[in-house]
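# Just a sequence and a predicted model for now, questions to come.
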There are 4 protein chains.
Amino acid sequence: MRPDPGKWDYRRSELRSMSSTSEDIRRQLKVRRQKQRAILATRWRCAQGGLEFEQLDTFYGAIRPYLRVAQFFGIMPLANIRSRDPQDVKFKVRSIGLAVTGLFLLLGGLKTLVGANILFTAGLNAKNMVGLVFLIVGLVNWLNFVGFARSWSHIMLPWSSLDILMLFPPYKRCRRSLRSKVNFIALCVGILAVGDHMLYYVSGYCSYSTHILQCHTNHSRITFALYLEKEFSDIMFIMPCNTFTICYAFWINGAFTFLWNFLDFFIVMTSVGLAQRFQQFAARVGALEGRVKQSKLFLIKPISLLNLFSIQQVPEALWYDIRRDHIRLCELASLVEESMSCIVFVSCANNVYVICNQALAIFTKLRHPINYIYFWYSLLFLLARTSLVFMTASRIHDASLLPLRSLYLVPSNGWTQEVQRFAYQLTSEFVGLSGYRLFCLTRKSLFGMLATLVTYELMLLQMDAKNPKGLRCV
Amino acid sequence: MRPDPGKWDYRRSELRSMSSTSEDIRRQLKVRRQKQRAILATRWRCAQGGLEFEQLDTFYGAIRPYLRVAQFFGIMPLANIRSRDPQDVKFKVRSIGLAVTGLFLLLGGLKTLVGANILFTAGLNAKNMVGLVFLIVGLVNWLNFVGFARSWSHIMLPWSSLDILMLFPPYKRCRRSLRSKVNFIALCVGILAVGDHMLYYVSGYCSYSTHILQCHTNHSRITFALYLEKEFSDIMFIMPCNTFTICYAFWINGAFTFLWNFLDFFIVMTSVGLAQRFQQFAARVGALEGRVKQSKLFLIKPISLLNLFSIQQVPEALWYDIRRDHIRLCELASLVEESMSCIVFVSCANNVYVICNQALAIFTKLRHPINYIYFWYSLLFLLARTSLVFMTASRIHDASLLPLRSLYLVPSNGWTQEVQRFAYQLTSEFVGLSGYRLFCLTRKSLFGMLATLVTYELMLLQMDAKNPKGLRCV
Amino acid sequence: MRPDPGKWDYRRSELRSMSSTSEDIRRQLKVRRQKQRAILATRWRCAQGGLEFEQLDTFYGAIRPYLRVAQFFGIMPLANIRSRDPQDVKFKVRSIGLAVTGLFLLLGGLKTLVGANILFTAGLNAKNMVGLVFLIVGLVNWLNFVGFARSWSHIMLPWSSLDILMLFPPYKRCRRSLRSKVNFIALCVGILAVGDHMLYYVSGYCSYSTHILQCHTNHSRITFALYLEKEFSDIMFIMPCNTFTICYAFWINGAFTFLWNFLDFFIVMTSVGLAQRFQQFAARVGALEGRVKQSKLFLIKPISLLNLFSIQQVPEALWYDIRRDHIRLCELASLVEESMSCIVFVSCANNVYVICNQALAIFTKLRHPINYIYFWYSLLFLLARTSLVFMTASRIHDASLLPLRSLYLVPSNGWTQEVQRFAYQLTSEFVGLSGYRLFCLTRKSLFGMLATLVTYELMLLQMDAKNPKGLRCV
Amino acid sequence: MRPDPGKWDYRRSELRSMSSTSEDIRRQLKVRRQKQRAILATRWRCAQGGLEFEQLDTFYGAIRPYLRVAQFFGIMPLANIRSRDPQDVKFKVRSIGLAVTGLFLLLGGLKTLVGANILFTAGLNAKNMVGLVFLIVGLVNWLNFVGFARSWSHIMLPWSSLDILMLFPPYKRCRRSLRSKVNFIALCVGILAVGDHMLYYVSGYCSYSTHILQCHTNHSRITFALYLEKEFSDIMFIMPCNTFTICYAFWINGAFTFLWNFLDFFIVMTSVGLAQRFQQFAARVGALEGRVKQSKLFLIKPISLLNLFSIQQVPEALWYDIRRDHIRLCELASLVEESMSCIVFVSCANNVYVICNQALAIFTKLRHPINYIYFWYSLLFLLARTSLVFMTASRIHDASLLPLRSLYLVPSNGWTQEVQRFAYQLTSEFVGLSGYRLFCLTRKSLFGMLATLVTYELMLLQMDAKNPKGLRCV
């Protein structure tokens, strides 16, 4: 801008434009400040846990319906679970939830003791132990969930605060909401689990009727009531056989089955919730670089790739903010990992055990087509559920590594110390769920588990082959 | 240049030489610019996909002949596969290719159903299941290739653009072209596979004739036609036995075998293609350092090693270019890895399963020398093919790490941030093929697979030893 | 401070306050210097090993009672073990301790030879080998502890000096003292081990009496004395049967059992001792950042997170001090790891072997309820002890990685070279115990060991199933 | 130095002292230059390969005697192996060495064919296959050594040049020379191997005589000659039985056994040679820091640790030299690793196979005490040899990581880019031997191998238990 006196008009207009520009800037800054204030205010209102919080796509909001269902079976006994505000939900020793849990533990314990007594009388072996293990694991799981409920507020409050943080700009919401994902999985698992439970009874009844037909002359015994009497023999052991008892037997049986499925489902929900946040985080870092579009573009256009890296300069302070959020996410993930260790450990150990046991019957000749259908349905459902647990949990780790690629594209002059530290942070620690850190839920460990499972299976099949059993009438 | 008036002549000549020098420089710059323009123009023409593209040693050019052969068996149904330009080749729902695939799926599915029916009637066990698994895996593979064909243009266009980029300076072509490598492997695998397929029929016929000779009085039944009737009993089950049916049976059998071999061959081709590019990249980085010659030299000459590192200074911008190309290569590799996950997974799982099953017969007494020959030929061919898949795929990873050594030789004053980032990038991620990231195709995992295979084999041999079978006449 | 002449009063008071301030500073500096001198003096007195050292919560002080008990069984023969000063405790060839060890080696060796002779006469097999292996491993352990005692002063002096360093500020003491931790573990393991030893005799006597009742007519033989005569048949082989002999037999049997338990307990003690120091170190780094409180705070308060990182600036010299202490800790850890390699190796190998052997009897029908109780008690005690060894040892590694998280929170302007080097140091090496570096005592290897144990167990059960044995009378 | 005229005397003396100092410096520089020239000259003379080279403790000098012995068995056919200069030793197609190798291959091949013929006639099974595998592996090894001999000069010349470099200051010689180490190992392995070979014949003769005594009436057949006739039945198959034949049979048998032992011994020698150089390198880096003494000191003295890090400043150029030498060492190591891959692979695979096979007889009842002695001696010798291979090879890697600790002690102001790059280089690559990179020779892989070996063994024992064999007379 040379001060040329002969160009006054120009300068005047320039001045005017300058003043107008500065007003623009002022106005823009004002708008921005207003926006930020609005976001802060909304966040604050959300943090109060009112209706606005309810409308957010938080993790708490996504799992609340399922927690309320779980209450009916005494799982995760929390007080005020109906509240929309996670701050109200707490573990209380004197609460209805814990009383329900206690009832289930009592009734389940009773069932287990009776079953154990019958088994020890008949002689315990590796085969008939399965049922007993199922019951004991169930009781352990109820206790595990009580333990988790105790650390509930230590986990859910930070999680909710992080949710509030990440559901507003600069973070973008994911294409599919957390709620819809969780609901979809719940629907699938639920229907399959109900089908599995139904088939169990149907298959059992068919086996029973065939057994009577072949081994007894008194064919009048083939009624559903008599089947149930045999099926629930452990309950009938201590109670008279009437409609109430049968209902009660159905109910307690269902509770154990529900718990078993809920266990895996709960791990899946948590994994989805954590992975979603890591994906959002990666998306923010990616958006910063304008990466997504460009990489698509650069892989298709063959030649004009020269200005690939013309990315806008990212200020140091922004990188600092990003790194801070990453620390928060990792803190949350490790908090969840610690609290869920026992749940994950019991779930995986139990699943492996049951799969091994189920798979033993692969070459066994069964009586009915319905037996075959139940056997394969049940085995495949179990395998699918276990794989689902591992695959969704492994996504947390995968998502946590996503921002690494974006960092490669940071231009040389933007490669500051903050970015370096961020890159180092991304690779230095394992983020994800684990069973007491004895094993991590990753794809590699799923593969290792499957390979070991085949080994065990082959050995068990050998041991089994030595005690051949026909279709004997006992 | 001291301005000495007594040396005018000299100065004049100097001036002249200066002007001539500057003209030289101008001319050189012009030549260089012309060269660069020529390269850009050639690249552009290549990118149009004309004859010039055809003459380049691109991956598309190398695999096109085999894709066209595969079309005859309904594998990888792409439209316009005859075109020299990869941009024309697309997956279309309404195309002849997909129709052929559909036909194969229909006929193969029919064969599978009939075979399954026969098996279920006779009683399914671990032994006779092999044939059925072979058919089902075949069908799955056809579908997998359809899936891969759908993502064809998303992979092949970036790949071709990268090929164009890396087939001109500053990249040097490899000593052996991609085409010759692929053709050599195709020739070897092809001949061995045809031999395997032939031996299958010969060995089967010999077994059949010996069986008749030993167990039946009616020796007139030893004809090739009758053997085929037994061999293709599943097809004869639904069609009358005539020449057409036999031809059809041969054809559909061959299609399944071709698919099985093509699957592994396709992984090998892709691996060779990717590894070639990574090797070229490493060669470029190595050439930059003048490394290859010097390291040879330095290891032989004992003393005069002092000027080992007198390497020319590499400008920052060049390192930036190199790093950018590396990002592109890695993006391509991860794109391919993602798309081929299912193909790799099915291939490896199937190969392990078939090897386990084949190896069970190691200690079985066979009737004929030809049976022995077929058995060992087939087993070794399978092992060699599986090892080939792992070894070529592991080369991608090995080649991706090659530039690391060159970076050690960068002198201190040339060790800029760009080089540091490049070194970090090289080691921070796995580059290579994998089966859903459950396992990676590396040498270590090949070794682990072999060790596990021996474990399984020993256990299966034990299980097998319990059901001894002589050479019974059925 | 503008020199305004109209404000003399103010300036005077200012001056006074300045002088008073400088006096304050002088006084503070004096106090600080006095404190530092006091600490140094205390340290020095402690290093002399007087009463003051005794009162410190050192590792030597924590394990001394147990070492003195171990002396009675000839384990870890050190001279002057009663001294409070670790500098007095040395390995001497001519000492009472070594003489006791020699006596135990002689008597134990004799017992082993007699046992081996009996076994070889009766025919050695995989089953009855267990007892012999137990005795041989015992002898090896005595020798191992002699070896460890030889390197005692090379380990304990640096350890004690580090203890002195870390029991004064700036390090804070842990909430629970080392002594209380070690005593608690000793109490638990001790009671369980005594119970195990008692049950062994009770279970043996019950088996003996039942055996006599079933197979012999002469029921008068059911006395405890006769049982002992049979139990200690190897000792009775060379000595007459009288009260002294029986006492001697009890004593030598007890010594072997004590040694076996002490071996594991010693590894646990050492692990706890090392882990404690690493935890203190991590606490110091954490306290530097004011991390603990803030992270709690930040995870609960949802919004006001902005001044999360307003951490006081840490001077370079302090980081240097911290890094130096870390090097010392790592040097100590690797010194201990090297010296204990053989002890760890023998302990783990033996435990795995005994667990495999014990677990073989899972499906064996036993005679008495007391046999069942002993069998399960013993197996679970063994598993728990082995897991305890792995879990406490893995804590060293876990604790050594704790400061990493604190480093993430270091602000940008405090991220100096020293911090970077410290971060690099933390992740570059494995800190913990190992068995000749063939395997490390971590959680992952515990899991791997358990998986392998199940594999071995299944195979051994198969082999066992082939030689069925009833309750035969021999 | 203030120019004060009143202090002339002082200045004069100062000047004199200055001049004398400068003369001192000049003299010192001269002496240093002379020293350096002397070292360079010695190096040069050494590089010429004269007597002076012979006197150096080079790897070539250490292994030459054993290579010359190996020549008698046709192993590693090199021309001019008697020369003291490694440059003269080359692989020549037309040489006596290769002719001897050819002879061995011919005779060995003949023996193998005859043996295979006998086996195939009698029926090949997993048990009697061992002998045939031993012969075939022997032939493969001869060919492997021919392959290694071809790349001899590419390996030994750089190695010798590195030896020359590292046997003069600034490198210090190791306490124990390479020669003494190699000779010690050779002596141990040699004596044990000869003992093993002797026991083989003795044990075989005892078995033979017992067999005749029990199963034949004609006891006159118990002569050593008749035993040899049976032992060498494959050679007697094609040649008449006389003294020459028996000598020949002994000789060819011995050659195979020598080759088998030499294979492992050669890997051990190479490992020791490489590890020695890495240790020297680590010692140089350590000496630079004055580390060794100080760390001892600091761990014993409790308090006066403050000037721990008062290490002299190391100039950048020195770090550059060190890094350059490290690159050379790594280049050499990777060159050796590549060339020895096939030798390592065959050695390990064969050892595992033979151990598995040997260990099968653990529970077999043998006839004679001498049979037991031979069996256990042979098994333990084999296990010890295999462990020796792994342990010495793992030392290369361990030694390559040693300088890392020294780098931690570099003071802050000396932590330059060169040091950083050196630290990065140390950890970024695996240095050591491997079998085609399928597995590396480390302690961890030895442990994995042992665990897998136990698994295989248990399974093979099961399979073996199914075909029980008494002491039958055949």
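Nice, I can see it.

# And the strands in chain A?
Secondary structure of chain A (DSSP state E): strands located at A:434-435, A:439-440.

# Which among the ones you listed is found nearest to chain C?
Of all those, strand A:439-440 sits nearest to chain C, with 5.4 Å by C-beta to the nearest C-beta. Where C-beta positions appear, they are placed from N, C-alpha and C, glycine not excepted.

# Partner strands of the closest one, with direction?
Partner strands and pairing direction for strand A:439-440 (DSSP bridges) are strand A:434-435 (antiparallel).

# Could you pull up the mean pLDDT of the partner strand?
Strand A:434-435 comes out with an average pLDDT of 90.

# What distance do you get for A:Phe345 to C:Lys90?
A:Phe345 is 46 Å from C:Lys90, where distance means C-beta to C-beta, to the nearest Å.

# where does the stretch 251-400 of chain A come near chain C, residue by residue?
Neighbours of chain C within the stretch 251-400 of chain A, by C-beta under 8 Å from any C-beta of the partner chain: A:Glu316, A:Tyr320, A:Arg323, A:Arg324, A:Ile327, A:Arg328, A:Glu331, A:Leu332, A:Leu335.

# Buried only: go through those for me.
Buried residues within those, counting neighbours by 16 or more other C-beta atoms under 10 Å in any protein chain shown: A:Tyr320, A:Arg323, A:Arg324, A:Ile327, A:Arg328, A:Glu331, A:Leu332, A:Leu335.

# neighbours around A:Leu162, how many?
The number of residues packed around A:Leu162, counting by other C-beta atoms under 10 Å in any protein chain shown, is 21.

# For chain A, name the helix or strand with the lowest mean pLDDT.
Lowest mean confidence among the helices and strands of chain A (mean pLDDT, DSSP states H and E): helix A:291-300, at a mean of 41.

# about what we covered before: which ones among the buried ones among the residues of the stretch 251-400 of chain A next to chain C lie within helices?
Taking DSSP state H, the ones among these that sit in helices are A:Tyr320, A:Arg323, A:Arg324, A:Ile327, A:Arg328, A:Glu331, A:Leu332, A:Leu335.

# Could you point out which of those residues is nearest to chain D?
Taking C-beta to the nearest C-beta as the measure, chain D sits nearest to A:Arg323 out of those, at 22.3 Å.

# correct me, but the closest one touches A:Glu418?
Yes - between A:Arg323 and A:Glu418 there is a contact under C-beta atoms under 8 Å: 6.2 Å.

# which residues sit in contact with the spatially closest residue to A:Ala361 that is not a sequence neighbour?
Nearest residue to A:Ala361, sequence neighbours excluded (C-beta to C-beta, 6 or more residues apart in numbering or on different chains): A:Phe375, at 6.2 Å. For A:Phe375, the contacting residues are A:Ser203, A:Gln358, A:Ala361, A:Leu366, by C-beta atoms under 8 Å, 6 or more residues apart in numbering or on different chains.

# what separates A:Phe375 from chain D, distance-wise?
29 Å (C-beta to the nearest C-beta, to the nearest Å).

# Need the per-residue pLDDT for that residue.
Each residue has a pLDDT score; the one for A:Phe375 is 88.

# What residues of stretch A:180-197 count as buried?
A:Lys181, A:Val182, A:Ile185, A:Ala186, A:Val189, A:Gly190, A:Leu192, A:Ala193, A:Asp196, A:His197.

# and those residues as CSV, adding distance to A:Val285 and pLDDT?
Converted to CSV, the buried residues of stretch A:180-197 look like this (distance: C-beta to C-beta, whole Å; pLDDT from 0 to 100):
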residue, distance to A:Val285, pLDDT
A:Lys181, 22, 93
A:Val182, 25, 93
A:Ile185, 27, 94
A:Ala186, 31, 94
A:Val189, 32, 94
A:Gly190, 36, 94
A:Leu192, 37, 94
A:Ala193, 38, 94
A:Asp196, 42, 93
A:His197, 44, 91
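
# who touches the residue nearest to A:Ser400 when sequence neighbours are not counted in this structure?
Once flanking residues are discounted, A:Ser400 sits nearest to A:Val431: 4.1 Å by C-beta to C-beta, 6+ apart. The contact partners of A:Val431, by C-beta under 8 Å, 6+ apart, come to A:Phe278, A:Cys330, A:Ala333, A:Ser334, A:Ile396, A:His397, A:Ser400.

# Phi and psi next, for A:Val431.
A:Val431 adopts backbone torsions of phi -110, psi 120, taken as degrees, to the nearest 10.
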